[in-house]
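1. Okay, sequence plus prediction incoming.
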Amino acid sequence: MPRIDVRRYFRGPFFWVALAVLVVLVGAQLLTASGGYKKVDTSVVIADISSDQVASATNIGSDQIIQLVLKNGDKVQSQYVKDNGDFISQTLRAKKVPFDDQIPQQSIWVSLLFSFLPIAIIVVLFLFFMNNMQGGGSRVMSFGKSRAKLMTKDMPKTTFADVAGVDEAVEELEEIK
């Protein structure tokens, strides 16, 4: 049975791309946390409003979410379709429940992250491909540094192996010293 080299997967780009996607997904989940509200069906929210069990409400308009604080202290939220938004608002007004309309604002850090993340990914991929084009290793961006030797016709092609054991060659080398 062939042996699988697990370390190869950790060095490759697939691992790092998967890790980046996982970090973004976890970060998005943490940034959009519901703040302790229990998710329920829209019909439950409407029933709670109709039966005067609501102490206060918050309508998050662009996300179409209604968050209720019930008189018993429970916190519930529900997502509704656009047509139900007017009905929920009218029901809250009819029952004289204090409510607030909010439009969520994205954090400056989140907007900067989503602005610069694609650029950073492109730069990392560019450096990765340049590294592979250079033959791997740490020679990224070393364009003009050729390791080729300059050969001319005047250079002798005789090596030490060719003259091994010849006493005259040894004498000539001693004269050069």
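-> Thanks, I have it.

2. how about stretch 88-103: buried residues?
-> For stretch 88-103, the neighbour count (16 or more other C-beta atoms under 10 Å) marks Ile88, Ser89, Thr91, Leu92, Val97, Phe99 as buried. Every residue, glycine included, has its C-beta placed from N, CA and C.

3. Among those, which one sits closest to Asn131?
-> Using C-beta to C-beta, Ile88 comes nearest to Asn131 of the buried residues of stretch 88-103, at 56.0 Å.

4. so that closest one touches Gln64, yeah?
-> No. Using C-beta atoms under 8 Å, Ile88 makes no contact with Gln64, being 9.9 Å away.

5. Please give me every residue in contact with Gln102.
-> Shown in contact with Gln102 (C-beta atoms under 8 Å, 6 or more residues apart in numbering): Thr58, Asn59, Ile60, Gly61.

6. which element is the second one on?
-> It refers to Asn59. Element membership for Asn59 (DSSP states H and E) is strand 54-60.

7. I'd like the next helix or strand past that strand.
-> For strand 54-60, the following helix or strand on the C-terminal side (DSSP H and E) is strand 65-70.

8. for stretch 71-79, what is the average pLDDT?
-> Stretch 71-79 comes out with an average pLDDT of 88.

9. same check, this time on stretch 169-177
-> 72.

10. Which parts of this protein are strands?
-> For the chain, applying DSSP state E gives strands covering 38-39, 54-60, 65-70, 75-79, 99-102.

11. can you list contacts of the fourth one?
-> Judged by C-beta under 8 Å, 6+ apart, the contacts made with strand 75-79 from elsewhere in the structure are 34, 36-42, 44-45, 48, 63-70.

12. In the chain, where's the longest helix?
-> Scanning the chain for the longest helix, with DSSP state H as the assignment, gives helix 108-133.

13. any idea of the mean pLDDT for that one?
-> Mean per-residue pLDDT for helix 108-133: 82.

14. center of the chain - which residue?
-> For the chain, Ala20 is the residue whose C-alpha lies nearest the centre (C-alpha atoms, centre = their mean; 3.4 Å).

15. Pretty sure it sits against Leu125.
-> No. With contact defined as C-beta under 8 Å, Ala20 does not reach Leu125; the gap is 11.1 Å.

16. Near Asn59, how many other residues are there?
-> Look at Asn59: counted by other C-beta atoms under 10 Å, it has 20 neighbours.

17. Also Ile66?
-> What Ile66 shows, counting by other C-beta under 10 Å, is a neighbour count of 27.
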